[in-house]
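# Structure for the following, please:
(chains A and B)
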Amino acid sequence: MFFFGYQRPDGTSGLRNHILIMPSVVCANRVARGISQQVTGTVWIEHQHGCCQLGVDAELTKQILVAHGCHPNVYGVVVVGLGCETNSAQNIADSIRALCPYKPVHLVVIQDQGGSLKATADGASAAMHMVQQASSLERKPIDISELILGTECGGSDACSGISANPALGTASDLLIDAGGSVVLAETTELVGAEHLVASRAVNEAVAKRCFEVINRCEKAAMAMGVDMRGGQPTPGNIQGGLSSIEEKSLGCVYKAGTKPLQDVIEYAAPIKKRGLVWMDTPGHDIEQITGMVAGGCQIVVFTTGRGTCCGSPIVPTLKVATNTAIFEKMKDNMDINAGTIVTGDETVQEVGHRIFNEMILTASGKLTKAEILGFNDFALKRIGPTM
Amino acid sequence: MSKIQAIIMASNDNTATVVESISPNSDVQLDNAGNRISVHVIEQIPFGHKFAIKTIAKGDSIVKYGESIGIASQNIAIGQHVHVHNMESTRGRGDKT
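Numbers count the residues shown, from 1 in each chain, chains lettered A, B, ... in the order given. Now for the predicted structure:
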């Protein structure tokens, strides 16, 4: 089975052919946005960090940005820096060039250019040439075993564990059977269900890692000295019927299907194994999606009960509604309705196959609603203080 | 045959999850492992929320998906709403250290 994608010179496969405008630091956000506004066919991100960071925290920020620049869905990248930041745009551009020598990379430093307007003009000129080059690339048939799917649930309700998540689990299994990879993440939303995932680990070491990451997550929550409920599950989850993190997690875990767990990896770490992999991310929807994309996911399927519009700037993000009411109410943002499972009109298996088929169409170029509406949500996870 | 109004996720659950809003003093149609049963619900149950299908004593586990999802913080009768007002989580309880 295959999809139509972009074969990159290093053997990786892209589902999109973006020109990414990326600030290395918060101070370069406005210029990055301005460059993208000048040039049709670019995407941009903004974030709040990149300076006054130390040690592993600074390294993680750099790693995530470099990974976005190197991502196979990205044809070329314009890196924008201010000129004095900790996370220098020069370093990021050099790292992307070293890892992906075939990829067009242009560096814009606002202070060197002489201000924001000149920097915007310089970046836009470079971006324009990249967009034109990218537009003559053709999609080719690529085996679906090259797909790395990120699974996500956000704005969950009680139907999440009844309809959309089990259906996504079916689609996950189908992809793994075809030789692909699936990422399960949002560690917080596995608290209470971790034993179910650990029992599917391929060996003792992986099972042990499951409990380690859960313990680390739970300890961090408890260090705040409050009942986690309200932060996780959220007020919206609670209104939607979820009474505890255990209940939420037992519904979330269905996204992972039934296949063996191959590995547990750190936030934004490269996804190397075929099969099911658990990436340790927070439950925060955007930090999660950013981490999974940095690790190499080229497509995300995102289930929602309360309704969320978000999407990655570079990775197509398919929205699956858990109930028909929200699918109809937020039709502009929902791609697939799994609410038919709740009403008994379709089975989990039937919707799972529908999700899988839509994944292939999306991989081959069909745009998701989040892409059409320009959602470019990006959030860097921090692991240290801002100094 | 009337439609399913609530779902029992696993056979040892002591709660059911409603798939439509339920008015107080209704008889709710449920599927329990292929058998159609009816439970008298005594309170308003919003869409997606749970009600007890067995008597639950304070301190007992609340069971859904065949697993514990927390413990009852008060006695709960059959047909009563089960949610944050009468059950609590056992995880991430930084307030209890």
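# Quick check: phi and psi at A:Gln275.
To be clear, residue A:275 is Gly; Gln isn't right here. With angles defined as degrees, to the nearest 10, A:Gly275 sits at phi 100, psi -160.
# Ok, A:Ile336 next?
Torsion angles, degrees, to the nearest 10, at A:Ile336: phi -140, psi 140.
# And for A:Val77?
Main-chain torsions, A:Val77, degrees, to the nearest 10: phi -140, psi 140.
# again with A:Ile289
Reported as degrees, to the nearest 10, the phi and psi values for A:Ile289 are phi -70, psi -40.
# For it, which residues are in contact?
Contacts for A:Ile289 were tallied using Cβ atoms under 8 Å, 6 or more residues apart in numbering or on different chains; they are A:150, A:152, A:300, A:302, A:310-312, A:315, A:317, A:377. In short, each C-beta sits where N, CA and C put it, glycine included.
# and what of B:Ile69?
Each residue near B:Ile69 by Cβ under 8 Å, 6+ apart is listed here: A:192, A:243-244, A:246-247, A:250, B:61-63, B:87, B:89.
# Surely it is in a helix?
No: in this structure, B:Ile69 is strand, not part of a helix, as judged by DSSP: H, G, I helix; E, B strand; the rest coil.
# Leaving out chain neighbours, which residue sits closest to it?
What sits nearest to B:Ile69 in space, not counting adjacent residues and going by Cβ to Cβ, 6 or more residues apart in numbering or on different chains, is A:Glu247, at 3.9 Å.
# Output the helix or strand containing the one you found as CSV, restricted to C-alpha atoms.
In the assignment (DSSP states H and E), A:Glu247 maps to helix A:245-252. Once non-C-alpha atoms are left out, helix A:245-252 reads as follows in CSV (Å, rounded to 0.1, in the frame of the first residue of the first chain):
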residue,chain,number,x,y,z
ILE,A,245,-7.3,11.3,35.7
GLU,A,246,-7.6,7.5,35.9
GLU,A,247,-10.9,7.7,34.0
LYS,A,248,-9.4,10.0,31.4
SER,A,249,-6.3,7.9,30.9
LEU,A,250,-8.3,4.6,30.6
GLY,A,251,-10.1,6.3,27.7
CYS,A,252,-6.9,7.8,26.2
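# Mean confidence (pLDDT) on that helix, please.
Helix A:245-252 shows a mean pLDDT of 95.
# Pull the residues that contact it.
So helix A:245-252 is contacted by A:153, A:156, A:158, A:160-162, A:165, A:186, A:188-194, A:196, A:228-229, A:232-233, A:237, A:242, B:64-65, B:67-70, B:89-92 (Cβ under 8 Å, 6+ apart).
# Give the helix, strand or coil label for A:His195.
Under three-state DSSP, the three-state class of A:His195 is helix.
# Tell me the confidence at it?
Value for A:His195, per-residue pLDDT: 95.
# Against B:Val82, how distant is the residue nearest to B:Ile69?
A:Glu247 sits 10 Å away from B:Val82, going by Cβ to Cβ, to the nearest Å.
# Please report how far the residue nearest to the spatial centre of chain A lies from chain B.
Centroid-nearest residue in chain A: A:Ile289, 2.7 Å away (criterion: Cα atoms, centre = their mean). Distance, A:Ile289 to chain B, using Cβ to the nearest Cβ, to the nearest Å: 23 Å.
# One more: A:Val213?
Distance, A:Val213 to chain B, using Cβ to the nearest Cβ: 14 Å.
# Ok, A:Ala256 next?
Distance, A:Ala256 to chain B, by Cβ to the nearest Cβ: 14 Å.
# what about that residue, neighbour count?
27 (other Cβ atoms under 10 Å in any protein chain shown).
# so what's the nearest residue to it once chain neighbours are set aside up against?
Spatial nearest neighbour of A:Ala256, excluding adjacent residues (Cβ to Cβ, 6+ apart): A:Leu184 at 4.3 Å. Residues in contact with A:Leu184 (Cβ under 8 Å, 6+ apart) are A:151, A:190, A:197, A:253, A:255-256, A:261, A:276-279.
# of these, closest to chain B?
In terms of Cβ to the nearest Cβ, no member of these lies closer to chain B than A:Val253, at 9.0 Å.
# How many residues are close by that closest one?
Neighbours of A:Val253 (other Cβ under 10 Å): 23.
# do the same with the one 10 residues further on
Burial measure for A:Asp263: 20 neighbouring residues, criterion other Cβ under 10 Å.
# Can you check the pLDDT for residue 39?
Defaulting to chain A. 98.
# my bad, the chain I had in mind was chain B
94.
# now swap in the one 5 residues further on and tell me
With respect to pLDDT, B:Gln44 scores 97.
# check contacts around it.
Contacts of B:Gln44 were listed using Cβ under 8 Å, 6+ apart, and they are B:21-24, B:81.
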